[in-house]
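What follows is a predicted protein model with its sequence.
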2 protein chains.
Amino acid sequence: MRCDSRLSGVLHVLLHMAEHDGPSTSETLARAMETNPVVIRRVMAGLREAGYVRSEKGHGGGWSIVCDLSAVTLRDIYDALDQPSLLAIGNRSAEPECLVEQAVNRALGKVFDEAEALLLERFGAVTLQMLSDDFHKSMRARRKSTHSKGVHGHDA
Amino acid sequence: MRCDSRLSGVLHVLLHMAEHDGPSTSETLARAMETNPVVIRRVMAGLREAGYVRSEKGHGGGWSIVCDLSAVTLRDIYDALDQPSLLAIGNRSAEPECLVEQAVNRALGKVFDEAEALLLERFGAVTLQMLSDDFHKSMRARRKSTHSKGVHGHDA
DNA sequence: ATCTCATGTAATGTTATTAGTTACATTCAG
DNA sequence: CTGAATGTAACTAATAACATTACATGAGAT
């Protein structure tokens, strides 16, 4: 995989949690994400601080969603993971002395800012509930044609 | 620096070449870019293949621009450097079996595609000539207030 | 001709970042 | 008290971007 996929991964985890009654353990979530439980705890820490999920220790513990899915957008989730940047390219240096480079930075910077703004705006327009609805729709569509065994194809 | 800055760097180099009569050596360009001559040759290779610049070996050799600055856009330059992706984030996997992840991918993918399209479109609207004009404008503005010593502040 | 200056390019080294793992402390239900 | 869970620091591994070295090739100067 060439791109940072924390956002994609976290959304996947959240939707799985939403489908599951009671808390999900890091262990379980890690299996669905094909990663390590510690990685799950690490990325979920940001969401907990932001108040979207909650974690409980001990017997019967694990992670639960504690927000209204229709009130939280992808933008909120993105903000809660402190990802460095949305764009893979950028200016060579922030404040160059060279006038040539300043001209380049002005032109590129304007474009980069527009693109970032677009991404954030679009993320802000999609709620977790919409993702969940879309998932349920595709689930129903699939049920019609095949006998589904579970959410994952591989955990039959 | 956290982002890939090949595009920014190459544009810087091109504008310097445009200001310079006759070919510029990789050595010279590398000094302006604060990097190694081999790096210059490497990234310029793509531009040469695309026909925007030309390189000559031997005495008096080096790099020259062989295109009309007002006919080449940042998009053209971007295409000539084979940069992998414009966005720093992406989907966890391209074609997941998991229906939950498919729903996530659909939503994110749409947004990513829009953002990429916007970037490319904006790049396509800016020519090298525009960058050069902007540089000359800022050059003139600076001349009015200080005695400029050269294009770079540091190569006085 | 040959010497020097330049590019072309493969191979290698270096550094930074990210993901993954281990280890151990902490907390809580039973 | 025991066992199951998270919290977190420290360490390791994998990857990618960038820089460097080394050497081959080509072109002009003498």
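Here it is on my side, so go on.

who's in contact with the residue lying farthest from the centre of chain A?
Relative to the C-alpha centroid of chain A, counting by Cα atoms, centre = their mean, residue A:99 is the outermost residue, at 39.6 Å. By Cβ atoms under 8 Å, 6 or more residues apart in numbering or on different chains, residue A:99 lies in contact with B:135, B:138-139, B:142, B:151. The C-beta positions use only the backbone N, C-alpha and C, and glycine is treated the same way.

As a markdown table, those with secondary structure, neighbour count and pLDDT would be great.
Below are these laid out as a markdown table (DSSP: H, G, I helix; E, B strand; the rest coil; neighbours: other Cβ atoms under 10 Å in any protein chain shown; pLDDT from 0 to 100):
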| residue | secondary structure | neighbour count | pLDDT |
| --- | --- | --- | --- |
| B:135 | helix | 24 | 96 |
| B:138 | helix | 15 | 94 |
| B:139 | helix | 15 | 91 |
| B:142 | helix | 12 | 82 |
| B:151 | coil | 18 | 54 |
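
Now flag whichever of the residues you listed is closest to DNA strand C.
Taking Cβ to the nearest atom of the strand as the measure, DNA strand C lies nearest residue B:151 of those, at 18.5 Å.

before we move on, what SS does residue A:84 have?
coil (DSSP: H, G, I helix; E, B strand; the rest coil).

neighbours around residue A:60, how many?
9 (other Cβ atoms under 10 Å in any protein chain shown).

cool, residue A:116 as well?
Neighbour count of residue A:116, defined by other Cβ under 10 Å: 14.

so which helix or strand takes in it?
Counting by DSSP states H and E, the element that carries residue A:116 is helix A:99-124.

hmm, that helix touching DNA strand D?
No - contact of helix A:99-124 with DNA strand D is not found when judged by Cβ under 7 Å from any atom of the strand; the minimum separation is 14.3 Å.

can you put the contacts of residue A:99 in JSON lines and add distance to residue A:55?
Output for these, formatted as JSON lines (distance: Cβ to Cβ, whole Å):
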{"residue": "B:135", "distance to residue A:55": "54"}
{"residue": "B:138", "distance to residue A:55": "53"}
{"residue": "B:139", "distance to residue A:55": "58"}
{"residue": "B:142", "distance to residue A:55": "56"}
{"residue": "B:151", "distance to residue A:55": "56"}
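
Please identify which of those is nearest to residue B:13.
Nearest to residue B:13 out of those is residue B:151 (Cβ to Cβ; 12.3 Å).

Tell me where chain A has strands.
A:53-56, A:62-65 (DSSP state E).

deepest of the ones you listed, which one?
Greatest average neighbour count among the strands of chain A goes to strand A:62-65 (a mean of 20), per mean count of other Cβ atoms under 10 Å in any protein chain shown.

burial measure for residue A:144, as a count.
Taking other Cβ under 10 Å as the neighbour definition, residue A:144 ends up with a count of 6.

Dihedrals phi and psi, the residue of chain A found nearest DNA strand C?
Closest residue of chain A to DNA strand C, Cβ to the nearest atom of the strand: residue A:58 (2.7 Å). The phi/psi pair for residue A:58 (degrees, to the nearest 10) reads phi 70, psi -180.

Return the distance of it relative to residue B:144.
Note on residue A:58: its distance to residue B:144, by Cβ to Cβ, to the nearest Å, is 72 Å.

Equivalent analysis for residue A:60, please.
74 Å.

again with residue A:125
From residue A:125 to residue B:144 the distance is 47 Å (Cβ to Cβ).

Sketch out the low-pLDDT regions of chain A for me.
Low-confidence segments of chain A (pLDDT under 70): A:1-3, A:146-156.

can you list the residues of it near DNA strand C?
Residues of chain A lying near DNA strand C by Cβ under 7 Å from any atom of the strand: A:4-6, A:35-36, A:38-39, A:56-61, A:84.

Now with 10 Å, please.
Applying Cβ under 10 Å from any atom of the strand, one finds that chain A approaches DNA strand C through A:1, A:3-9, A:30, A:33-43, A:56-61, A:81, A:83-85.

Among those, name the ones that also lie close to chain B.
Among those, proximity to chain B is found for A:1, A:3-9, A:33, A:83-85 (Cβ under 8 Å from any Cβ of the partner chain).

State the distance from residue A:118 to residue A:4.
Distance from residue A:118 to residue A:4, by Cβ to Cβ: 18 Å.

nope, residue A:117 is what I meant
20 Å.

Which one's more surrounded, those two?
A count of neighbours by other Cβ under 10 Å puts residue A:4 above the other of residue A:117 and residue A:4, at 19 against 13.

Tell me how far that one lies from residue A:82.
Note on residue A:4: its distance to residue A:82, by Cβ to Cβ, is 12 Å.

Could you count how many residues lie near residue A:128?
Count around residue A:128 with other Cβ under 10 Å applied: 23.

OK, contacts around it?
A:11, A:14-15, A:18, A:69-70, A:72-74, A:77.

one more time with 10 Å
By Cβ atoms under 10 Å, 6 or more residues apart in numbering or on different chains, the residues touching residue A:128 are A:11, A:14-15, A:18, A:52, A:65, A:67-74, A:76-77.
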